[in-house]
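[1] sequence and predicted structure below; questions after.
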Amino acid sequence: MDFTFDTEQHALREAVAGLLQRAYDPEKRRAVTKDEPGFDEKTWSQLAEMGVLGLPFAEEDGGMGAGQAEVALVATEIGKVLAPEPFVESVVLAGGLVAAVGTAEQRAELLGPLAEGASLVVFAHAEPGSRWTPTATGVTAAQGADGWTLTGVKEPVPSGARADVLVVSAAVEGGTALFVVRADAAGLTRTGYRTHDGTRAARVTLDGTPAELLGEGTADRTADVELALARATVAYAHEAVGAMQTALTTTSEYLKTRKQFGVPLSKFQALTFRAADMYVSLELVRSIALWATMVLDAEGSSPEAVLAAADRARLQTSKAGRHIGKEAIQLHGGIGVTAEYSVGHYTSRLTAIDHLLGDGAWATGRLAERIDAGTVEALP
Amino acid sequence: MDFTFDTEQHALREAVAGLLQRAYDPEKRRAVTKDEPGFDEKTWSQLAEMGVLGLPFAEEDGGMGAGQAEVALVATEIGKVLAPEPFVESVVLAGGLVAAVGTAEQRAELLGPLAEGASLVVFAHAEPGSRWTPTATGVTAAQGADGWTLTGVKEPVPSGARADVLVVSAAVEGGTALFVVRADAAGLTRTGYRTHDGTRAARVTLDGTPAELLGEGTADRTADVELALARATVAYAHEAVGAMQTALTTTSEYLKTRKQFGVPLSKFQALTFRAADMYVSLELVRSIALWATMVLDAEGSSPEAVLAAADRARLQTSKAGRHIGKEAIQLHGGIGVTAEYSVGHYTSRLTAIDHLLGDGAWATGRLAERIDAGTVEALP
Amino acid sequence: MQLHLSPEDQAFRDEMRTFFTTQVPQSIRDDVAAHRDVTKEQYVEVQQILNAAGLAVPHWPAEWGGRDWTPLQRHIWREEMQLAAVPEPLAFNASMIGPVIAAFGNQEQKERFLPETANLDIWWCQGFSEPDAGSDLASLRTAAVRDGEDWVVNGQKTWTTLGQHADWIFCLCRTDPGAEKKQRGISLLVFPMDTPGVTLRPIELLDGGFEVNEVFFEDVRVPAENLIGEENRGWDYAKFLLGNERVGIARVGATKRMLVDAKAHATQITSGGRPLIEDPSMRARIAELETELLALELTALRVVSNSSDGKPNPASSVLKLRGSELQQAATELIVDIAGPLSLASFADDEATDVPEWARSATPEFLNYRKVSIYGGSNEVQRTIIAGTILGL
Amino acid sequence: MQLHLSPEDQAFRDEMRTFFTTQVPQSIRDDVAAHRDVTKEQYVEVQQILNAAGLAVPHWPAEWGGRDWTPLQRHIWREEMQLAAVPEPLAFNASMIGPVIAAFGNQEQKERFLPETANLDIWWCQGFSEPDAGSDLASLRTAAVRDGEDWVVNGQKTWTTLGQHADWIFCLCRTDPGAEKKQRGISLLVFPMDTPGVTLRPIELLDGGFEVNEVFFEDVRVPAENLIGEENRGWDYAKFLLGNERVGIARVGATKRMLVDAKAHATQITSGGRPLIEDPSMRARIAELETELLALELTALRVVSNSSDGKPNPASSVLKLRGSELQQAATELIVDIAGPLSLASFADDEATDVPEWARSATPEFLNYRKVSIYGGSNEVQRTIIAGTILGL
């Protein structure tokens, strides 16, 4: 049992933190998220140069062969400054799926350029009218003489309009399969828009759109999708922890400097106690996020263990994110709901993270099915 | 829509409050609850003389023909001083069942003496191993040549050892029926004990015990039991409101007088804000309790409306009682967990009320089945 | 004790319900129901319809358009407006400056302002909060200095809601900086927003909208007759006005509508292979919220029936505190129902297949964080409850 | 980062688990598991078994019975004791006065007290809190006045846990009433409970039990050599000691056991015609609690691995705060599972058909309200977090 990072990991964190903190302060972030594509292409390239965009991929696939701990470090730094670059969406989730399911050829073809920052790959999975399912029903795949075509709507797809490659889940005979669709494919229409957290999403309409099957065979990929979502969930947990940390720091600073009734707000015990409770929430979710990362990285972790760890991370992230996000605004007062001040954007992003891949109540429902399994063991 | 009490109701409240406040302060209550039967027979007689024990019964049955509002007033005053007399248990619940189900003869025979304080009637319904069900399974009824006999165990039965008459629910062909069992019946064994809230309960063992069918015929009485439990639930809500009010007053007084760090605790905003939140909880549950009483009393209230109102009262009582009960102790500190000081006993009684007839989570489950019925209307 | 409304009050409720659902344009009510921004023109149109029917300012004195309604009738009136998704009469006019002028203004001011205020011919905005005077309102610094027949105003206000639409502002200014207590040296001035020296800067909020503003005053000359009431008694008027603000701020009707909508939305979403509305934990959450809201509504009715005219009942702090919490809980519920669809937040209608309610869910949730801050933050309400009611 | 225990630590855990489950009498562990009172004789028996095996005071200096374990090993040791329902070494001895004497006592005191303290030959109790000095401990008034070779102690202590069993008391006394800061004039004295002038009054608690006491001192003569450390530095020793108290107070192992028990109980209760354990909301509640407890356990492990020896880590306030909340939540869960059966609370075994766990549920729930009050109330912990960690 060891919660500490090694020297190389520390160095990685320093480098990423330096880059992102130079790239973003609240003003710069507001400017970048106002323009398309909602993130800074230069920062994206710099992350690529640093090896960050290839972190979790095997070296033979063009990656760095690092583990989830490194992913966690990067996600945390992203969260701290609310960097809008789609690291979790693209590298962890879409890239993770390609790495897990793709053929050697596909991995080389898709992950190399992704790692180099040359090709943005995203996972088009959500469908209007459904909520957090690992399967696809609204997009169907058909196999013709010329190969596969996809028809249906995916929405909202994070960075879906900017993406160079879409990994699309679609219903096939016997389950859900995964497909690769290029940005220039026929019958592909994408309409992008801003989301409340400053990032971008899109409706992706497929109409007999040619697609390439990801991996070999059309066996049901639901379990692969579940696992990829679990890994992304844990990465999001770290992004959220980073965001919560800054939200708390910002709030503490505000309490120290803002005066009311002739004294700093930090003289009001009802407020400082609430800040203390925020700290408790933060440390608890940080622990779970770190642990879930270790479960992901540990040899011999079963898929069930990975899914359960992700659900626990999701539950705690949801609870802590809501708690800290709401309190950060409330303890600020009016300025907290303005777009001109930073703290509300943290709440906005925390709300987004909470709803991208499944919220706390949803995770609780899944965990509730497993409670008969005896004691929860922190130390396996 | 009118939340106010009329002159007669005010007079009743004054009289009951006067009697109970003379009878009980924390010291006297501790003394009374230490000895058997756990309440003060003299106070019980005085309540009878005042007409309180016959309040909800028809005049022809020996009662006062009053409504649920009067019951609510009495229950609130009982709660305020934690009077251990089994008013809700006996008058409202057991008496209510007899009034609803009994034949004219049974009503006269049982309710008159109950109203006069001459005969304590209680409802023996709970069974070890089950939780808040309106049906009976652990006690079964058999009809022989000499009439009905009952066999099985009821527990815990509030005031079950002291009771002169037991109304017992028992399984019959086709459902649950109700029976009257006298204290001296053959094959009846009762072992009484103290409960954490200072009152008494008992195990009631029936072994071929002769019993009289309550009411005519052996049709399933589950619906009657449900309604009687609902009425008792609403009365308990008022008892709980009275208890919460005193718990809050006691806590406020303590905050004003207790000094720490050289100043009264009321200078600590983190504490006074929590007292304010207790007040909010109290006023919300008071509103629901009063409203539920009006639903019970209103002409034309359907059984469904009565059950739903009781469930809402139960839910809010559970939430508020837990909130106020816990905070009252915490804001006191160590003295709050001692038996020598009053406030913890309020928490203890609130915990008992919460678990006698169904707690908040249980009520929520029942209400959740009905949410499709559109808007909840406060003003029908 | 009586559960049912009296026949008179039932008839009154039916009358209100009928009026609001038939006389106020459906398109405007649809916009309110869908949480779209209400335009200035829509506000004015509705308030003028209400005013023509005597329904805009019923709580004013009868001679200025008020009705001698019981507190319960006023409650029903407001509740039915909210249930029918009618934009309520502009609070700055109807609940704030109007009653203050009616109570403390001179006859000339009453005649000059009250009819146009009731009819929203004048759109008022509020100049109270300042950058360094939020919950601690009495420490405001905007100064009005007497110069001949004018007051000269310098300073800055903030959080001025819908100030961009406003014709006039009512403004707390410090007129006696040497007063012993800071509350004593404050006066209430009114002046047009186009007076030279007044500038306005809209503040973007988290939901991308603009509803509050900063207002700057640079040597703004205000004629002496624009002082409302007595000099240096502005704090009393502000307290009177903020007490009015709290009444009706429980917004039970609006929250009720949100819960009804939430249930409808939850039938549209598939979760775990079935409609979300069938999920037991979702149902339990809704059942709890409905019960909480019922408790609040009943408490509002109790406060209403106990309120001695004019004086704000300290228990109204419960309504503001809990009302804001439940409004926020309802918006959070809708975000959770929308789930991943909530991410389509700023998509135009033609750019998305995600229903409008799901798109507006999170912006609304974020915007509604304000309701526990404005109108006396929940911390202020707790202070009032602890101090005034519990004596702490 | 590494999820698994090292092979050495795994072996250590197995060793602890085996020892606790085989060498400590089952009957005593059953009593602990059933939340029955542990008798003095049982405490002594277990601590002497542990001490004989070197497992009573592993965190003491090696020369006095300590082991050079890593913080993680100590954590495992405590966790395994709690999981096995072993009564832990008496905190007043093992975590409080023992470490203080080891750190600040003179050689004579160490030799006189430490072996008997480790072996529970001396049962210590704590004389800290006073009726007017609870969270504000430094305002204590019990006075020790020097008279020749003795201190003469007068005053009163309260909340003295298990004082009725105690042989000796360690007692904070004011020795310099004129000290500039109230913290500066306090000294730490130790003396036998049977010293003339010491009287003890048990306080009945809500659960009907007696575990705390008032202790009165009337002209109690304490030899000067019974001063621990330096005169007037008692406050430093108290802080040192209370820091130790907080470590391990998360009580994760004990709460884990309660949750396992709760699940077993919920299979025994029929609710709505099926075992309660099948109720979705009950399952959800348990799943949430298990996750909260896991988060706490992991946080404890993080604190353990970051703690520089000796100094209490301010993050340990998180453990105390959250640990007490979760212990309380677990007791509340068990009451709710018991439902109406919880009313059979004080029935003897032969007088009831209600299982023991259901009977003890509410007394335990009520008794456990103390865990957020003692050992530095949760308000004190929030003050520490806000001040020491957040700098507020």
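    Received it, and whenever you're ready, just let me know what you need.

[2] how is the chain divided into domains?
    Looking at chain A here, since you left the chain open. With domains defined by automatic domain parsing, chain A comprises A:7-119, A:122-213, A:222-373.

[3] chain C is the one I meant
    Split by automatic domain parsing, chain C gives C:7-89, C:124-232, C:246-389.

[4] so which bits of chain A are right by chain B?
    By CB under 8 Å from any CB of the partner chain, the residues of chain A that approach chain B are A:268-270, A:272-273. All C-beta atoms are positioned from the backbone trio N, CA, C, and that covers glycine.

[5] which single one of those is nearest to C:Glu292?
    C:Glu292 lies nearest to A:Ala270 out of the residues of chain A next to chain B, by CB to CB, at 22.6 Å.

[6] please see if the helix or strand containing that closest one touches chain D.
    Assigning secondary structure by DSSP states H and E places A:Ala270 in helix A:269-297. Yes. Helix A:269-297 reaches chain D (CB under 8 Å from any CB) through A:269, A:272-273, A:275-277, A:279-280, A:283-288, A:290-291, A:293-295, A:297.

[7] chain center to that helix: distance?
    18 Å (CA atoms, centre = their mean, to the nearest Å).

[8] tell me what the helix or strand that that helix is followed by is packed against?
    Once the chain leaves helix A:269-297, the next helix or strand it forms, by DSSP H and E, is helix A:303-332. Here helix A:303-332 touches helix A:222-257, helix A:269-297, helix A:343-356, helix A:360-368, helix D:280-306, going by 3 or more CB pairs under 8 Å, 6 or more residues apart in numbering or on different chains; DSSP states H and E.

[9] for D:Phe20, which of these is the nearest?
    Closest approach to D:Phe20 among these is made by helix D:280-306 (18.0 Å; CB to CB).

[10] just the CA trace of whichever helix or strand comes after the closest one, in CSV.
    Downstream of helix D:280-306, the first helix or strand assigned by DSSP H and E is helix D:316-338. Listed next in CSV are the C-alpha coordinates belonging to helix D:316-338 (Å, rounded to 0.1, in the frame of the first residue of the first chain):
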residue,chain,number,x,y,z
SER,D,316,-6.1,13.5,11.7
SER,D,317,-8.9,15.9,12.5
VAL,D,318,-10.6,14.6,9.4
LEU,D,319,-10.4,11.1,10.8
LYS,D,320,-11.9,12.0,14.1
LEU,D,321,-14.7,14.1,12.5
ARG,D,322,-15.6,11.7,9.8
GLY,D,323,-14.9,8.6,11.9
SER,D,324,-17.4,9.7,14.5
GLU,D,325,-20.0,10.6,11.9
LEU,D,326,-19.7,7.1,10.4
GLN,D,327,-19.8,5.3,13.7
GLN,D,328,-23.0,7.2,14.4
ALA,D,329,-24.4,6.5,11.0
ALA,D,330,-23.7,2.8,11.5
THR,D,331,-25.5,2.7,14.9
GLU,D,332,-28.5,4.6,13.3
LEU,D,333,-28.6,2.1,10.5
ILE,D,334,-28.9,-0.7,12.9
VAL,D,335,-31.8,1.0,14.8
ASP,D,336,-33.6,1.5,11.5
ILE,D,337,-33.1,-2.2,10.6
ALA,D,338,-34.5,-3.2,14.0
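
[11] quick one: contacts for the nearest residue to C:Thr175 once chain neighbours are set aside?
    Nearest non-adjacent residue to C:Thr175, counting by CB to CB, 6 or more residues apart in numbering or on different chains: C:Ser187, 4.2 Å away. Neighbour list for C:Ser187: C:144, C:172-175, C:227, C:230-234 [criterion: CB atoms under 8 Å, 6 or more residues apart in numbering or on different chains].

[12] determine how far the last residue of stretch A:59-73 lies from the first.
    Using CA to CA, to the nearest Å, the span of stretch A:59-73 from its first residue to its last is 19 Å.

[13] got a list of what A:Thr43 touches?
    Contacts of A:Thr43 (CB under 8 Å, 6+ apart): A:19-20, A:23, A:83, A:85.

[14] repeat that with 7 Å
    A:23, A:85 (CB atoms under 7 Å, 6 or more residues apart in numbering or on different chains).

[15] ok, the one 5 residues further on next?
    Contacts were defined as CB under 7 Å, 6+ apart; by that measure A:Ala48 touches A:115-117.

[16] quick check, it in a helix?
    Yes. A:Ala48: assigned to a helix according to DSSP: H, G, I helix; E, B strand; the rest coil.

[17] how much space separates it from A:Gly67?
    With distances taken as CB to CB, to the nearest Å, A:Ala48 is found 19 Å from A:Gly67.

[18] state the pLDDT value of residue 48.
    Went with chain A since none was named. Listed pLDDT for A:Ala48 reads 98.

[19] my question was about chain C
    On the pLDDT scale, C:Gln48 gets 98.

[20] show me where chain C dips below the pLDDT cut-off.
    Within chain C, the set of residues satisfying pLDDT under 70 comprises C:244-248, C:307-312.

[21] picking up where we left off before, what mean pLDDT would you report for the helix holding A:Ala270?
    Mean predicted lDDT for helix A:269-297 stands at 97.

[22] okay, the angle between that helix and helix B:269-297?
    Here helix A:269-297 points in a direction 90 degrees away from that of helix B:269-297 (axes from the mean of the first three to the mean of the last three CA atoms, to 10 degrees).

[23] just to revisit the earlier point, deepest-packed of the domains of chain C, please.
    Burial of these is given as mean neighbour count (mean count of other CB atoms under 10 Å in any protein chain shown); domain C:246-389 ranks first at a mean of 22.

[24] grab the nearest non-local neighbour of the residue lying farthest from the centre of chain C.
    Residue farthest from the centre of chain C, counting by CA atoms, centre = their mean, is C:Gly273 at 41.2 Å. For C:Gly273, ignoring the flanking residues on the chain, the nearest one in space by CB to CB, 6+ apart is A:Thr133 at 7.7 Å.
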